[in-house]
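**Student:** From the sequence below, what's the structure:
(chains A, B and C)
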Amino acid sequence: MDDHAVDPHHPPHLSRRSLIATGALAAGALGVSAPAVGAMLGGGPARAATGATKKVTIYAEQLPGNLYGYGLAPGQATVPGPVLEMYEGDTLEVTLVNTTTQRLSIHPHGVDYSTDSDGSPLNASYNNPGETRTYVWRSHEMVAAAGRRFMPGSAGYWHYHDHAMGTDHGTGGLAKGLYGALIVRRRGDILPEKQFTVVFNDMMINNKMAPDTPMFEANLGQRVEWIAIGHGGTFHTFHLHAHRWADNRTGMLEGPSDPSLVIDNKDLNPGNSFGFQVLAGEAVGPGAWMYHCHVQFHSDGGMAGIFLVRNADGSMPPGAEEAIHRFQGHTHTHRS
Amino acid sequence: MDDHAVDPHHPPHLSRRSLIATGALAAGALGVSAPAVGAMLGGGPARAATGATKKVTIYAEQLPGNLYGYGLAPGQATVPGPVLEMYEGDTLEVTLVNTTTQRLSIHPHGVDYSTDSDGSPLNASYNNPGETRTYVWRSHEMVAAAGRRFMPGSAGYWHYHDHAMGTDHGTGGLAKGLYGALIVRRRGDILPEKQFTVVFNDMMINNKMAPDTPMFEANLGQRVEWIAIGHGGTFHTFHLHAHRWADNRTGMLEGPSDPSLVIDNKDLNPGNSFGFQVLAGEAVGPGAWMYHCHVQFHSDGGMAGIFLVRNADGSMPPGAEEAIHRFQGHTHTHRS
Amino acid sequence: MDDHAVDPHHPPHLSRRSLIATGALAAGALGVSAPAVGAMLGGGPARAATGATKKVTIYAEQLPGNLYGYGLAPGQATVPGPVLEMYEGDTLEVTLVNTTTQRLSIHPHGVDYSTDSDGSPLNASYNNPGETRTYVWRSHEMVAAAGRRFMPGSAGYWHYHDHAMGTDHGTGGLAKGLYGALIVRRRGDILPEKQFTVVFNDMMINNKMAPDTPMFEANLGQRVEWIAIGHGGTFHTFHLHAHRWADNRTGMLEGPSDPSLVIDNKDLNPGNSFGFQVLAGEAVGPGAWMYHCHVQFHSDGGMAGIFLVRNADGSMPPGAEEAIHRFQGHTHTHRS
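**Tutor:** Coordinates of the predicted model:
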């Protein structure tokens, strides 16, 4: 089954594997490009020596419909941009090519960067129109603090976005699609078979409204990773039908004594991000399952889409075609 | 002390005990009505064999004041509806009788259901006016994943609600009162002595405004379970005076190394739900304690109520009558 | 380096040390002033014997610009008020002197208090103009419940605020600055070197807008504690550049199996509070780092400030002066 054939709205991913496949992965000592952080903080573990350095070039482009996107090659920008991934300890050198006539940047959440990679006008860290600039994102594992506590490492479901178009906070770039998912994993984390990025951006999902919102597809039992990101100026709650996850770092439980809440609805407000993995259709079976903002006038207004769980062999389950047909004809008017 | 005499606003509960008492509980193999989920996912634990199947009939009815409610018997619908409970592994077969002239449904959060029990128009899963339809809600325990991690089970403080009246997202039914609490417990969870359901629904609590909001009552030291649910189109924060809880699955700590936040104020936005147990008046004593939305113009506008903690013998503590009297005369106008 | 010279917006703290230094700390048996709580609840651990009782006098005063503040001495009120701290088991006796012409009070989150210390008009617990009144705040450690679970103790990053000016919910007092941080620690918690209180209050930070918002300063590697509090009627998300924390009680991880989310952006809605510690510039180096509300029109509108991480010796890092200069000239108009 070809993802892109069945899911035209979903952008390509930049996984560790794809980076390796394209030759973009270059092993290297993290310490070369990074400041001598351990020394600056008066000692600490020699974490700077453990990671790999990957290089990636990202093209910021204008798209039809007054949108802007990030892409891994010229002419391939998407909304949202590609999923970027690293392991704790890795460094990602992002060379951003600004092909547009606007000032813009790329600002990451969660990872480590010097002020010149902040992506903010405050730190004069942005690309002028036509300019190419390299941003360095580092990461680290947890570090022992006093007692038995640890300062947290970089692992998380993060995101990156423009911080310079329109305003000094990138409000223009965010409104027009300059955002994407950034995942930092711990070694040993379970890898998914598929990934979906869902961005609640004002009253849209991935800058689309129903019925044009992405239809995410998987086969029954596939391990699917969702990365949910909030942007804009409106509050939202992300709800997925018939699936649930632990409200913690991985979405899974560490065991019976893991106290985490298990949820199927979570606040997704501007700047927030979270991720989780589900087994498609686990305990519920295949079908056309809704995901939507649970703020009522938002879902009624078009913030809804379909998570299509096919049969294990990829065939369509009973009723799914009809559900998709209903969704396509959804007028999102209030009939009360 | 008779709960219903002292707390006319609080609906009756459907506890495991009351189901047993009314003969509604029927032991049965979960696998009978459930799809062969384990087989569908290529193996997995034989969790389908462990649960009981309960049957319950719920009546959706129109109520005075342009409200609608769910109830366990004709003429007994309330806002919110009854608390439904199950243990992980149980199945609940909900036969919904639509006594109204409106299309409506019942959609649960957290539990397992096939598309025909989704409660959504998307999946043609609803009751037409006058129609009776059975929805099957299953549940399961956590399941081992790779490594030492577990895919989460169904346990949680969930809720159910209409998903078909007014719009395809049930906006009309939600606005008018079609909602209630659904609890899935793990075996061994501590059971409460009393339960309160608090629904923040637009600018109302359980579709009431102060001073008509529910006054929840308990005696000093009683173990009280709160289930908080958010609905509508507005953001809220739930605050309870003089009590606190852990922001995790049970509201309690697993021990000194449980890292959970302890809070007394939590976001309660549309589709959210959480629950916790407190010992009424623990470490603070009896009295009239406020619960309210902490968004200032919401509490000023009437999103507030009283948690009346009586003395251990059920008598009124000093000052409580006066506080209730003040609350009843509360005009909720801005005096600044 | 003098904090007050470099950070005029940041109020003085009331730490355990400063209390001791000023002679305000009086050791005493908690049970003396507290009700016999254990007895009321029918037994329980003798936790009442473990804590110290501190006395503090707080002056509520009118300030220029139609603001009101709390302060530890006459003429020293600030917005926000002083950081109040205690250990689980301690009691804080707060004598509030109302020097204003308005009804006002002080209401704490998280800690234990009788109805007469509720700080609410509901319980007739407030100061009339010119009145002095003592509020008693107690705290306790976690208490074993059934099974291996524990009812949570008082430890947390809490806050206190007016609950009586303008409306019965203190909407007038909150709008005008009557709020501050309250920290309850567990014994053994790591103590910070510096503390910053950040209050998102409607469209302001500590009742200021950029570029007049506080500039918080620390030297590279200093352990800095942030206490974030939400107030007013608007939703917000708090974001800090280049730093991250665990979304749990301490902001740190208990170890590799601690499942907590690691975040750099968190909902900060009315009545919410949270805290965390970072090592200033850890893994990123010194510089002018932004903190801001991530709701786009809020940051554009002035809800942003600078966390200045100086070099370890206190000198200014390259680029920081320029960034501060840019921030001072920030017009916060939308240029898209």
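
**Student:** confidence score at A:Gly147?
**Tutor:** A:Gly147 is assigned 79 on the pLDDT scale.

**Student:** My guess is it contacts C:Ile190. True?
**Tutor:** Yes: A:Gly147 is in contact with C:Ile190 according to Cβ atoms under 8 Å; the separation is 6.6 Å. Placement of C-beta: from N, CA and C, glycine included.

**Student:** These two: who's more crowded?
**Tutor:** Applying other Cβ atoms under 10 Å in any protein chain shown to A:Gly147 and C:Ile190 shows that C:Ile190 carries more neighbours, namely 15 against 12.

**Student:** my guess is the more buried one meets C:Phe276, correct?
**Tutor:** No: assessed by Cβ under 8 Å, C:Ile190 is found out of contact with C:Phe276, at 11.3 Å.

**Student:** Low-confidence regions, chain A specifically.
**Tutor:** A:1-49, A:330-336 (pLDDT under 70).

**Student:** rewinding a little: shared neighbours, C:Ile190 and C:Phe276?
**Tutor:** Contact criterion Cβ atoms under 8 Å, 6 or more residues apart in numbering or on different chains; residues shared by C:Ile190 and C:Phe276: C:250, C:252.

**Student:** Strands along the stretch 201-336 of chain A, start to end?
**Tutor:** Here the stretch 201-336 of chain A has its strands, by DSSP state E, counting those that start in this stretch, at A:204-205, A:215-219, A:223-231, A:237-240, A:245-246, A:262-263, A:265-267, A:273-279, A:287-293, A:304-310.

**Student:** Kindly apply the preceding question to the stretch 1-150 of chain A instead.
**Tutor:** A:25-26, A:53-63, A:67-71, A:84-87, A:91-98, A:107-108, A:132-137, A:143-144, A:150-151.

**Student:** right, so of the ones you listed, which gets closest to chain B?
**Tutor:** Closest approach to chain B among those is made by strand A:150-151 (10.9 Å; Cβ to the nearest Cβ).

**Student:** now the angle from the following helix or strand past the closest one to strand A:132-137?
**Tutor:** Using DSSP states H and E, the helix or strand that directly follows strand A:150-151 along the chain is strand A:156-161. Inter-element angle recorded for strand A:156-161 and strand A:132-137: 160 degrees (by axes from the mean of the first three to the mean of the last three Cα atoms, to 10 degrees).

**Student:** A:Leu84 contacts A:Tyr160, doesn't it?
**Tutor:** Yes: using Cβ under 8 Å, A:Leu84 is in contact with A:Tyr160, at 6.8 Å.

**Student:** between the two, what contacts are shared?
**Tutor:** Between them, A:Leu84 and A:Tyr160 share the contacting residues A:180-182, judged by Cβ under 8 Å, 6+ apart.

**Student:** quick one: buried residues of stretch A:94-106?
**Tutor:** Within stretch A:94-106, the residues that count as buried by 16 or more other Cβ atoms under 10 Å in any protein chain shown are A:94, A:96-100, A:102-106.

**Student:** What of stretch A:61-80?
**Tutor:** Counting neighbours by 16+ other Cβ under 10 Å, one finds that the buried residues in stretch A:61-80 are A:61-63, A:67-72, A:77-80.

**Student:** that older thread, tell me the two of the buried residues of stretch A:94-106 that are most distant?
**Tutor:** Taking Cβ to Cβ, the two most distant members of the buried residues of stretch A:94-106 are A:Val94 and A:Gln102; they sit 18.2 Å apart.

**Student:** rewinding a little: of the buried residues of stretch A:61-80, just say which sits nearest to chain C.
**Tutor:** Nearest to chain C among the buried residues of stretch A:61-80, with distances taken as Cβ to the nearest Cβ, is A:Tyr68, at 11.4 Å.

**Student:** what residue lies at the spatial centre of chain A?
**Tutor:** Closest residue to the average C-alpha location of chain A: A:Ala181 at 2.0 Å, with Cα atoms, centre = their mean.

**Student:** Report how many residues lie close to the closest residue in space to A:Val295 that isn't next to it in sequence.
**Tutor:** Distances taken as Cβ to Cβ, 6 or more residues apart in numbering or on different chains place B:Pro270 nearest to A:Val295, at 4.8 Å, with adjacent residues excluded. B:Pro270 has 29 neighbouring residues, counting by other Cβ under 10 Å.

**Student:** Check A:Tyr126 too.
**Tutor:** 26.

**Student:** And for A:Gly255?
**Tutor:** By other Cβ under 10 Å, the residues close to A:Gly255 number 13.

**Student:** Does it touch B:Arg148 like I think?
**Tutor:** Yes: counting by Cβ under 8 Å, B:Arg148 is a contact partner of A:Gly255 at 6.5 Å.

**Student:** Using CSV, write out the CA atom coordinates for stretch A:261-281.
**Tutor:** The C-alpha coordinates for stretch A:261-281 follow below in CSV (Å, rounded to 0.1, in the frame of the first residue of the first chain):
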residue,chain,number,x,y,z
LEU,A,261,-3.8,9.5,33.4
VAL,A,262,-5.2,7.6,30.4
ILE,A,263,-7.0,10.0,28.1
ASP,A,264,-8.6,10.3,24.7
ASN,A,265,-9.0,14.1,24.7
LYS,A,266,-6.3,16.6,25.5
ASP,A,267,-5.9,20.4,25.4
LEU,A,268,-4.0,21.5,22.3
ASN,A,269,-3.3,25.1,22.7
PRO,A,270,-0.8,27.4,20.9
GLY,A,271,2.8,26.1,21.3
ASN,A,272,1.6,22.8,22.9
SER,A,273,2.6,19.5,21.4
PHE,A,274,2.3,15.9,22.4
GLY,A,275,2.5,12.5,20.8
PHE,A,276,1.5,8.9,21.4
GLN,A,277,1.3,5.6,19.7
VAL,A,278,-1.8,3.5,19.2
LEU,A,279,-2.3,0.1,17.6
ALA,A,280,-4.8,1.0,14.9
GLY,A,281,-8.2,-0.4,15.8
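
**Student:** how far out from the middle of the chain is it?
**Tutor:** Relative to its chain's centre, stretch A:261-281 lies at 12 Å (Cα atoms, centre = their mean, to the nearest Å).

**Student:** Contact residues of the stretch 201-336 of chain A facing chain C?
**Tutor:** Applying Cβ under 8 Å from any Cβ of the partner chain, we find that the stretch 201-336 of chain A lies next to chain C at A:230-233, A:235, A:246-250, A:253-254, A:258, A:260, A:267, A:269-274.

**Student:** again, only using 6 Å
**Tutor:** With Cβ under 6 Å from any Cβ of the partner chain as the criterion, the stretch 201-336 of chain A meets chain C at residues A:233, A:235, A:248-249, A:254, A:258, A:260, A:267, A:269-272.

**Student:** Pull the most distant pair out of those.
**Tutor:** Maximum pairwise distance among those (Cβ to Cβ): 36.1 Å, between A:Gly233 and A:Glu254.

**Student:** if I look at the nearest residue to A:Thr134 once chain neighbours are set aside, how far off is chain C?
**Tutor:** Spatially, and ignoring its direct neighbours in sequence, A:Thr134 is nearest to A:Thr95 (4.7 Å; Cβ to Cβ, 6+ apart). Plainly put, A:Thr95 is 20 Å away from chain C if you go by Cβ to the nearest Cβ, to the nearest Å.

**Student:** thinking A:Pro80 is in contact with A:Phe200, fair?
**Tutor:** No: if you go by Cβ atoms under 6 Å, A:Pro80 and A:Phe200 don't touch, sitting 11.3 Å apart.

**Student:** Could you measure from A:Phe196 over to chain C?
**Tutor:** Distance from A:Phe196 to chain C, by Cβ to the nearest Cβ: 19 Å.

**Student:** Now do the longest helix seen in chain A: which elements does it pack against?
**Tutor:** Taking DSSP state H as the criterion, chain A has its longest helix at helix A:320-328. Where contact means 3 or more Cβ pairs under 6 Å, 6 or more residues apart in numbering or on different chains; DSSP states H and E, helix A:320-328 is packed against strand A:287-293.
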